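[1] from the sequence below, what's the structure:
(one chain, ligands or ions: 1)
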Amino acid sequence: MTEALTQDLVAAGRRTAHLPLIMMYHSVGVRSHDPNNLVVTPDRFEEQMAALKRRGLRGVSVAELVAARAAGSARGLVGLTFDDGYTDVVENALPILQSFGFSGTFYILAGRIGGANEWDEGTPWPLVDEAGIRRWADAGFEVGSHGMMHVALAGVEPDVLRREVADSREKLAGLLGKPPSGYCYAYGSMDAAARSAVAEAGYDHATAVISRVSLGPYALPRIWIGQVHTSKHILKMLYTYRLHRRISGRHAL
Ligand SMILES: [Zn+2]
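    Coordinates of the predicted model:
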């Protein structure tokens, strides 16, 4: 199982080597039950961040990564993202990121602020309230939208798209004092209509999960990072990623 997951990670690095490297996290904490592989312990997370640092890389928000790419200065940057809005990300990941001088993007469900991840099976985990979101934003870190309720957007009706994409942006704007520039598709689920809705709502960029081809700034692929990934795996993945970049003639990392 562990070896298979490592192979997945290396293969994902190879597949997305022509794109900016963005890592996908969910919860950073200690939990007894994790059926969907969403949790990384604070110790493991710190080890993974240290691996990036050792390679001379800096973890940043997707907004910073996208802006740096546009300016031609993305070399050495890796995007760090945290989906769903788990309270332990603010408690555990935030201070670790700060200790490394890193940053990251926290994707919030505007309709579940202070709620729980009821869309998943098992014991519900708490999601940040307004104070938790402000703590993240006050650190200078990016807050993005993950929609309203955690709905898969591929094939949904226009009114659902409007609610999830545009209404969530408006709600977060009210909380943050400015609209979020990034969107993240729940379950990585999207289609052309969803990407158009994100662009029309005024977002600059959006993240998906794994994609073999580049669909542009509204479907940036990400690589899932789990508890199973030691610093050794991260370094191996980075090596593969860099190697394939070199072969393809691109050197953004
Ligand atoms: Zn999610």
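[2] what residues does the stretch 51-200 of the chain have near the ion?
    Applying C-beta under 5 Å from the ion, one finds that the stretch 51-200 of the chain approaches the ion through Asp83, Asp84, Ala186. (C-beta placed from N, C-alpha, C; glycine too.)
[3] and with 6 Å instead?
    Taking C-beta under 6 Å from the ion as the criterion, the neighbours of the ion within the stretch 51-200 of the chain are Asp83, Asp84, His146, His150, Ala186.
[4] in this protein, which strand has the most residues?
    Across the chain, the strand with the greatest residue count (assigned by DSSP state E) is strand 77-82.
[5] that one: partners in the sheet, and parallel or antiparallel?
    Sheet pairing here is set by DSSP bridges, and for strand 77-82 it gives strand 22-25 (parallel), strand 58-60 (parallel), strand 105-108 (parallel).
[6] need the pLDDT of Ser168.
    According to the predicted model, the pLDDT of Ser168 comes to 98.
[7] surely it and His150 touch.
    No - with contact defined as C-beta atoms under 8 Å, Ser168 and His150 do not form a contacting pair (10.6 Å).
[8] circling back to that earlier point, mean neighbour count and mean pLDDT for the strands paired with strand 77-82 - can I get that in TSV?
    Rendered in TSV, the data for those read as follows (neighbours: other C-beta atoms under 10 Å; pLDDT from 0 to 100):
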stretch	mean neighbour count	mean pLDDT
strand 22-25	23	96
strand 58-60	21	97
strand 105-108	28	98
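[9] sorry, back to before: residues contacting the longest strand of the chain, please?
    20-26, 28, 52, 57-62, 64-65, 68, 89, 93, 97, 102-107, 144, 184, 207, 220, 222, 253 (C-beta atoms under 8 Å, 6 or more residues apart in numbering).
[10] mean confidence for it?
    Averaged across strand 77-82, pLDDT comes to 97.
[11] okay, and the helix or strand of the chain with the least pLDDT?
    Least confident helix or strand, the chain: helix 2-15 with a mean of 70, by mean pLDDT, DSSP states H and E.
[12] would you map the strands across the stretch 101-250 of the chain?
    Taking DSSP state E, counting those that start in this stretch as the criterion, the stretch 101-250 of the chain contains strands spanning 105-108, 142-145, 182-184, 205-207, 223-224.
[13] so for the shortest one, mean pLDDT?
    Confidence for strand 223-224, expressed as mean pLDDT, is 91.
[14] that one - contacts with which helices or strands?
    If you count contacts as 3 or more C-beta pairs under 8 Å, 6 or more residues apart in numbering; DSSP states H and E, strand 223-224 packs onto helix 2-15, strand 22-25.
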